[in-house]
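# Can you look at this prediction? I've put the sequence above it.
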Amino acid sequence: MSTLNKQPTGIPEADLAIIGGGSAGISLASQLYGLSAVIIEPKTPAERDCSWALWANAEQQKQLAPCTKGRWKQWRLIDHQREIIHRSDQYSYTSLSAAQYLSQCENNLADGIELIRASAENIQVRGNGGSFTAAGQTYSAAQLYDSRPPTMADNCLKQHFLGLEIRTKSPIENPEIATLMDFRVDQSRGLHFIYVLPFSDDLLLIESTMISRTIEDKNWYLNAIHQWLEQQNIEPLETISQEQGVIPMDRVEPIDAGIANIGAASGAVRLSSGYAFTNIQAQVSALARGIRGGQYEVPEPIAPSLIRMDKIFNAVLLAEPELGVSVMMSTASALDANGFARFMLGSASLLDWARVIMAMPKLPFLKQVFTP
Ligand SMILES: Cc1cc2nc3c(=O)[nH]c(=O)nc-3n(C[C@H](O)[C@H](O)[C@H](O)COP(=O)(O)OP(=O)(O)OC[C@H]3O[C@@H](n4cnc5c(N)ncnc54)[C@H](O)[C@@H]3O)c2cc1C
């Protein structure tokens with residue numbers, strides 16, 4: 001039964017409407033109470049399943065436990081010269097099932113918060129609010145938030161990947177270590193690495209990930225995965241699922257800049273790494289607290305100073321792609337496990353930053369700092 005008020009026109013009127021019930025939209029909706037809200041999302045959680053990973057502290061590990069697929073206190077980066085293994089006592093690299101996370105939020109909506117499984121269309125903005133149609137009905141809300149995925153320029157720098165979840169014929173070595181980046185693969189078309197999450201000793205998510213401007217043919221990533229498996233003497237028994245994604249590492253344009261955007265549409269994806277989950281959680285939790293106090297403004301998801309640093313990092317990658325592997329490996333070797341996790345989470349201390357800056361090749365970075 002709808003909890004929305006009916007206007008004299010018969011149009012259901014909500015205090016608030018959220019367009020898009022992905023990571024940002026449904027997380028925000030699940031933290032609202034004491035008001036009427038609609039959240040509009042056409043796809044079921046199962047249709048949007050993939051792995052969302054983050055560095056989680058002890059409290060987050062507890063909160064996210066019901067949708068956690070795997071957790072590692074150790075992670076590694078590897079190239080032809082060296083292997084760097086981090087062992088953390090504070091953070092676990094944590095992989096969530098997106099479908100389980102979304103379902104959990106959908107099932108936890110408070111009274112008065114209604115999920116509508118449809119697309120929002122004919123969106124009309126009026127001040128902070130507006131109206132739209134969904135599943136043949138017109139809705140109106142005093143406050144609108146929009147989390148529809150933003151658009152990115154065709155030739156922008158992006159992280160693009162294809163991953164397979166596979167069962168192996170025999171147990172693999174070291175399932176307690178997540179491989180974040182294995183650079184011992186073809187580097188001729190951009191910064192390329194293999195990412196491996198061992199959910200058990202015979203169940204792996206393995207991805208071929210590229211950081212470049214051009215998306216590759218599906219077989220290119222598949223070949224890279226199979227070559228890597230062969231080099232490691234890992235024989236696949238079956239492929240359980242496949243996921244593919246493109247994450248912008250450059251400025252994005254929201255579909256409608258006239259609506260208050262949240263999540264990736266508001267710039268929540270870290271430009272240098274493609275990670276967004278933690279930024280989105282922080283943004284929507286702060287927003288939900290604000291809404292409860294009558295403040296509807298969307299907090300910035302990432303500090304402007306961090307965005308500037310990430311842009312310099314990406315400019316170096318674009319100008320001198322051959323430095324990519326050594327820059328990543330030097331970053332990892334300059335920091336201990338907790339420092340690396342903080343760095344990836346965007347909460348590096350001054351000392352973490354100093355260590356990373358000292359480890360970087362100075363000239364390429366200085367050139368980009370002074371490039372207008
Ligand atoms: C495959 C993939 C893997 C990723 N992995 C990670 C990771 O491991 N760690 C990490 O930190 N980040 C990751 N990211 C980046 C980021 O965390 C995700 O993109 C995240 O989903 C962004 O959340 P969002 O709410 O902004 O957008 P989304 O989750 O994309 O939500 C937007 C929603 O809007 C809905 N929508 C679209 N049009 C309409 C419409 N007209 N009406 C109503 N709804 C509409 C869509 O169905 C969608 O559910 C990944 C991204 C991708 C694509």
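Cool, the structure landed.

# helix, strand or coil for Val196?
Using DSSP: H, G, I helix; E, B strand; the rest coil, the secondary structure recorded for Val196 is strand.

# tell me the pLDDT at Leu323?
pLDDT, Leu323: 89.

# my guess is Asn155 contacts Ser212, does it?
No: between Asn155 and Ser212 there is no contact under CB atoms under 8 Å: 10.4 Å. C-beta: built from backbone N, CA, C; applies to glycine.

# Now the common contact residues for the two.
Shared contacts of Asn155 and Ser212, defined by CB atoms under 8 Å, 6 or more residues apart in numbering, are absent.

# neighbour count winner among these two?
Neighbours were counted for Asn155 and for Ser212 using other CB atoms under 10 Å; Ser212 has more, 19 against 9.

# Tell me how far the closest residue in space to the more buried one that isn't next to it in sequence lies from the ligand.
Among residues not flanking Ser212 along the chain, Gly190 sits closest, at 2.7 Å (CB to CB, 6 or more residues apart in numbering). To the ligand, Gly190 is 18 Å away according to CB to the nearest ligand atom, to the nearest Å.

# what's the spacing between Gly190 and His160?
Applying CB to CB, to the nearest Å, the value for Gly190 to His160 is 9 Å.

# What are the neighbouring residues in contact with the one residue in the stretch 1-150 of the chain that gets nearest to the ligand?
Per CB to the nearest ligand atom, the residue of the stretch 1-150 of the chain with the smallest distance to the ligand is Gly22, at 1.9 Å. By CB under 8 Å, 6+ apart, the contact set of Gly22 is 41, 48, 102, 147, 149, 263.

# Highest neighbour count among these?
If you count neighbours using other CB under 10 Å, the busiest of the contacts of Gly22 is Ser147, which has 31 neighbours.

# list the contacts for that one?
18-22, 24-25, 261-265.

# out of those, which are inside helices?
Mapping these onto helices (DSSP state H) picks out 24-25.

# Could you identify the buried members of the contacts of Ser147?
Of the members of those, the ones counted as buried by neighbours, 16 or more other CB atoms under 10 Å, are 18-22, 24-25, 261-265.

# Who are the contact partners of Glu41?
20-22, 25-26, 115-117.

# How about Gln159?
Gln159 makes contact with 209-211, 245-247, 249, 273-274 under the criterion CB under 8 Å, 6+ apart.

# so what's it bridging to?
Ile211, Ile247 (DSSP bridges).

# quick one on the thing from earlier: based on its surroundings, how many neighbours for the residue nearest to Ser212?
With other CB under 10 Å as criterion, Gly190 counts 20.

# One more: Gly346?
Using other CB under 10 Å, Gly346 has 20 neighbouring residues.

# which ones are touching it?
Gly346 touches 270, 278-279, 302-303, 306, counting by CB under 8 Å, 6+ apart.

# Point out the ones among those residues that are inside helices.
Among the contacts of Gly346, the ones falling in helices (DSSP H) are 278-279, 306.

# could these be laid out in CSV, adding neighbour count?
CSV is the format used below for the ones in helices among the contacts of Gly346 (neighbours: other CB atoms under 10 Å):
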residue, neighbour count
Thr278, 19
Asn279, 24
Leu306, 16
